[in-house]
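Chemist: Structure, please.
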Amino acid sequence: MSRGGSPAAARVSALPVTCCMLWISSFRQVFRNILCHVPLKSDSQKKYGLHMRKVNVSTLLSKMEENEASNLSVKRPCPDHGEDQYEQEHHKKTKLSEPSASNPSTFCKHTESIESGLQAVSSSQDENNGKSIVEEADTVLQEDKEGDGDSFADMMKHGLVEQDVGITKFVSIHEGFSGILKERYSDFVVHEINKEGKVVVLDDLSVPNDDHEEPSEDIFSVLSSQDKEHLEDLQLFKNKEDSVMIEVVEDTKEKRTVIHQAVKSLFPGLETKTEEREGKKCIIAYHAAGRTALAKVKAADPRKHSWPKNRGSYCHFVLYKENKDTMDAINVLSKFLRVKPNIFSYMGTKDKRAITVQEIAVVKITAQRLSHLNKCLMNFRLGNFSYKKYPLKLGELQGNHFTVVLRNITGSNLQIEHAMTSLRDIGFINYYGMQRFGTTAVPTYHVGKAILQNNWSEVIDLILKPRPGAERGYLVKCREEWAKTKDPEAALRKLPVKRCVEGQLLRGLAKYGMKNFVSAFAMIPRNNRLMYIHSYQSYVWNNIVSKRINEYGLKAMPGDLVLKGGTAVPIQGSDEEKYTIHDVVLPLPGFDVIYPEHKIGNAYEEMLAADGLNINNMRHKIRDYSLSGAYRKIIIHPQNVTWEILGYDDKKIPLVQTDVEKLEGVPLPKTSKDGNFKALKMAFSLPPSTYATMAIREVLKMDTSIKNQTQLNTVWLR
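Modeler: Predicted structure coming up:
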């Protein structure tokens with residue numbers, strides 16, 4: 001079928017339903033390519049609706065693209081010949097069709113995971129994964145039809161800016177300039193720095209030599225999809241039969257051996273035997289030990305019977321991913337490997353809208369099985385395999401190395417030189433970045449404050465009440481229903497996706513009733529609940545550090561706190577010259593910290609008192625919400641700072657060479673110093689729990705909030 005829109009459109013009325021679905025998929029690709037190269041302004045989007053309906057075409061296509069990604073990012077089947085060439089060409093197409101931040105719908109997609117503060121809750125699979133593309137499209141069409149039609153830039157007028165969360169000061173004296181951050185997700189590349197201090201890179205796709213006991217890769221293709229479905233039902237006791245028969249098309253001993261290996265490897269708990277039926281040999285799969293075998297499967301201990309004793313139990317590997325956060329990536333891998341996500345471990349989570357490289361460990365999954373995923377998944381690559389006796393632990397990393405491109409830079413070369421020299425020599429204020437506080441008109445720290453005040457009716461109201469700003473249509477309807485009826489079950493029916501924070505809370509209210517808010521709130525996963533109070537701590541810290549810089553500047557003062565062997569102590573007058581501003585720390589409020597012995601100590605007490613909190617009593621009636629506190633350096637000095645000024649003409653041109661492109665020998669396109677646009681390419685290393693956006697803010701002296709960046713992109717497009 002032609003991939004052009006017009007020939008297909010002329011014949012669409014004569015096509016059966018199944019062909020129409022294929023046409024929609026093709027038509028979608030054409031529109032996506034058009035939209036990537038000709039971004040529509042908000043007024044154009046309103047004008048050119050589908051069938052004169054008030055539909056945001058860009059959002060529709062973005063939703064369709066998300067549906068593809070949610071279906072486990074599967075690559076299309078590769079032809080038998082020219083596989084390597086196909087993969088290279090497909091990777092190039094993927095890069096070329098990468099969404100641009102200049103399109104307002106891209107910003108909407110970027111902020112999806114933090115809508116309404118903490119809307120997204122990690123899960124192994126979305127409840128809507130079973131929907132077809134047509135059904136998903138209908139959902140988006142209906143949402144846009146009933147929405148207010150505002151562009152994302154208009155909706156973000158209600159979002160937070162830096163001043164709202166205490167981010168107000170700079171340490172450098174250079175003149176600021178403007179630039180666009182993350183115009184493309186490939187402009188933001190993150191490499192983890194492991195516990196040995198080495199930057200993690202993907203540079204080897206080979207499988208270790210000690211994988212020789214692993215069965216052939218044929219085990220992954222010898223079973224048909226129908227066989228796999230029946231075997232999975234048998235494995236989980238979902239079918240009425242106690243065995244599954246697999247016909248052997250090419251009846252050879254080698255072929256039967258591969259099928260035996262495939263069943264035992266891919267479906268732990270099943271055994272096989274060869275029988276002759278109606279004159280033909282076939283393979284029978286059955287449970288080895290009844291439901292006890294299923295318990296082993298659920299314990300996520302695959303292929304325990306065949307794991308070599310002299311091999312480490314954990315396969316460590318480097319994961320390269322594009323435009324997907326760490327938990328989503330783990331869920332994809334676990335789905336393909338038929339294991340639970342909790343058998344994976346890692347040292348830190350990485351952003352979604354970026355290209356990231358990090359180390360992952362998994363229990364008793366061989367490198368060969370992991371390597372096979374490279375042929376199945378898009379925007380993922382696994383390599384640098386090794387076997388070790390230990391997993392990875394959160395927080396073990398020493399930091400991250402960032403490579404960032406800022407496009408459409410307006411500063412002169414001299415301004416850029418001064419800005420980057422200051423970043424290298426002085427550093428930046430260690431503010432908590434904007435992503436810590438949510439994107440809607442109800443900041444997450446407001447919820448955290450209400451939790452600490454033990455004001456549970458306020459907590460429920462803040463999470464569920466209607467608010468202006470960027471939100472999905474179904475969330476808007478859910479909030480309106482709640483405001484009108486206060487009926488959790490009625491509001492819950494408005495949510496097609498129940499795993500979001502709002503859905504979990506409404507389920508809790510429906511279960512425990514309207515008088516037991518604490519138990520209802522506890523239905524939200526613990527990490528998400530704690531993020532609210534951590535957001536409040538971050539809000540206080542940001543405001544206090546701004547007061548500290550304003551009051552005393554960039555010099556260590558008597559009464560400031562420094563760390564000695566992990567313990568905070570105040571600087572005495574006689575020791576003032578021993579310390580610099582890079583040694584000074586400020587506490588996050590809690591019951592197990594001390595406060596500066598000067599005006600800033602009083603500022604903590606006054607700020608918490610204004611919020612109805614007692615700085616001397618930070619223990620909560622519910623233990624989970626008691627804050628012990630911690631210490632955080634007020635100035636961060638980046639390491640390995642480098643920069644380069646680039647000129648370019650094509651706004652889609654990649655300006656960072658990725659690890660995959662290096663492996664495939666794909667060079668960067670040539671740039672010209674005389675190009676129409678100017679970009680600043682910078683690289684630097686930061687310790688854990690620091691925000692690269694705050695380093696970039698210091699360079700640009702510009703608000704890094706989504707609200708401001710969205711408006712900047714809109715102005716640039718116009």
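Chemist: Low-confidence regions, this protein specifically.
Modeler: 1-158, 210-220, 268, 288-306, 470, 711-718 (pLDDT under 70).
Chemist: the longest helix in it is where?
Modeler: Longest helix of the chain, by residue count under DSSP state H: helix 526-552.
Chemist: Go through the next helix or strand after it and flag the buried ones.
Modeler: Counting by DSSP states H and E, the next helix or strand C-terminal to helix 526-552 is strand 561-564. Judged by neighbour count using 16 or more other Cβ atoms under 10 Å, the buried positions of strand 561-564 are 561-562. All C-beta atoms are positioned from the backbone trio N, CA, C, and that covers glycine.
Chemist: Please apply the same query to stretch 554-568.
Modeler: Here stretch 554-568 shows 556-557, 559-562, 568 as buried, counting by 16+ other Cβ under 10 Å.
Chemist: tell me which of the residues you listed is nearest to residue 512?
Modeler: The shortest approach to residue 512 among the buried residues of stretch 554-568 belongs to residue 568, at 40.8 Å (Cβ to Cβ).
Chemist: Which residues does the closest one form beta bridges with?
Modeler: residue 563 (DSSP bridges).
Chemist: Am I right that it is in contact with residue 595?
Modeler: No - taking contacts as Cβ atoms under 8 Å, residue 568 lies outside contact range of residue 595: 9.3 Å.
Chemist: shared neighbours of these two, anything?
Modeler: Counting by Cβ atoms under 8 Å, 6 or more residues apart in numbering, the contacts common to residue 568 and residue 595 are 561, 587.
Chemist: need the contact list for residue 610.
Modeler: Contacts of residue 610 (Cβ under 8 Å, 6+ apart): none.
Chemist: For residue 406, see how far away it is.
Modeler: In this view, residue 610 and residue 406 are 37 Å apart by Cβ to Cβ, to the nearest Å.
Chemist: now do residue 283
Modeler: The separation that residue 283 has from residue 406, given Cβ to Cβ, amounts to 59 Å.
Chemist: Between those two, point out the one with more neighbours.
Modeler: More crowded of residue 283 and residue 406, by other Cβ atoms under 10 Å: residue 406, with 26 against 20.
Chemist: residues making contact with the helix or strand hosting that one?
Modeler: Following DSSP H and E, the helix or strand that holds residue 406 is strand 399-407. With contacts defined as Cβ under 8 Å, 6+ apart, strand 399-407 is touched by 179-181, 183, 187-193, 199, 348, 350, 640, 646, 651, 655-656, 677, 679-688, 690, 692, 695-696, 699-700.
Chemist: Buried residues in it, which are they?
Modeler: Buried residues in strand 399-407 (16+ other Cβ under 10 Å): 399-407.
Chemist: And stretch 568-579, by the same measure?
Modeler: Under 16+ other Cβ under 10 Å, the buried positions of stretch 568-579 are 568, 570-571.
Chemist: Is residue 506 in contact with residue 475, as I believe?
Modeler: No - taking contacts as Cβ under 8 Å, residue 506 lies outside contact range of residue 475: 11.4 Å.
Chemist: list residues touching both of those two?
Modeler: residue 495.
Chemist: Who are the contact partners of residue 598?
Modeler: Contacts of residue 598 (Cβ under 8 Å, 6+ apart): 552, 557-560.
Chemist: ok, which pair from the residues you listed is furthest apart?
Modeler: Those two in the contacts of residue 598 that are separated most widely, counting by Cβ to Cβ, are 552 and 558, at 10.1 Å.
Chemist: And the strands in the stretch 301-450 of the chain?
Modeler: 314-322, 344-346, 355-363, 380-388, 399-407, 428-429 (DSSP state E, counting those that start in this stretch).
Chemist: Please apply the same query to the stretch 501-650 of the chain.
Modeler: 561-564, 567-570, 584-588, 630-633, 635-636, 639-648.
Chemist: and the ones you listed, which is most packed in?
Modeler: Mean neighbour count (mean count of other Cβ atoms under 10 Å) peaks for strand 584-588 among these, with a mean of 21.
Chemist: the inter-axis angle of that strand versus helix 526-552?
Modeler: 140 degrees (axes from the mean of the first three to the mean of the last three Cα atoms, to 10 degrees).
Chemist: Now do strand 584-588: which elements does it pack against?
Modeler: helix 526-552, strand 561-564, strand 630-633 (3 or more Cβ pairs under 8 Å, 6 or more residues apart in numbering; DSSP states H and E).
Chemist: on that earlier part again, would you list the buried residues of stretch 554-568 in a markdown table and tack on distance to residue 238?
Modeler: Converted to a markdown table, the buried residues of stretch 554-568 look like this (distance: Cβ to Cβ, whole Å):
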| residue | distance to residue 238 |
| --- | --- |
| 556 | 66 |
| 557 | 68 |
| 559 | 67 |
| 560 | 64 |
| 561 | 59 |
| 562 | 61 |
| 568 | 57 |
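Chemist: what's the most distant pair in those residues?
Modeler: 557 and 568 (15.0 Å).
Chemist: And residue 367, how far from residue 341?
Modeler: When residue 367 is compared with residue 341 (using Cβ to Cβ), they lie 19 Å apart.
Chemist: wait, I meant residue 253
Modeler: Residue 253 is 38 Å from residue 341, where distance means Cβ to Cβ.
Chemist: quick one, which of those two is more surrounded?
Modeler: Using other Cβ under 10 Å, the more surrounded residue of residue 253 and residue 341 is residue 341, with 17 against 9.
Chemist: Please state the backbone phi and psi of residue 427?
Modeler: phi 110, psi -150 (degrees, to the nearest 10).
Chemist: contacting residues for the residue lying closest to it once chain neighbours are set aside?
Modeler: The spatial neighbour of residue 427 that comes closest, neighbours along the chain excluded (Cβ to Cβ, 6 or more residues apart in numbering), is residue 637 at 4.1 Å. When contacts are counted by Cβ under 8 Å, 6+ apart, residue 637 touches 426-427, 582.
Chemist: got those residues as a markdown table, with neighbour count columns?
Modeler: As requested, the contacts of residue 637 are exported to a markdown table (neighbours: other Cβ atoms under 10 Å):
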| residue | neighbour count |
| --- | --- |
| 426 | 17 |
| 427 | 24 |
| 582 | 15 |
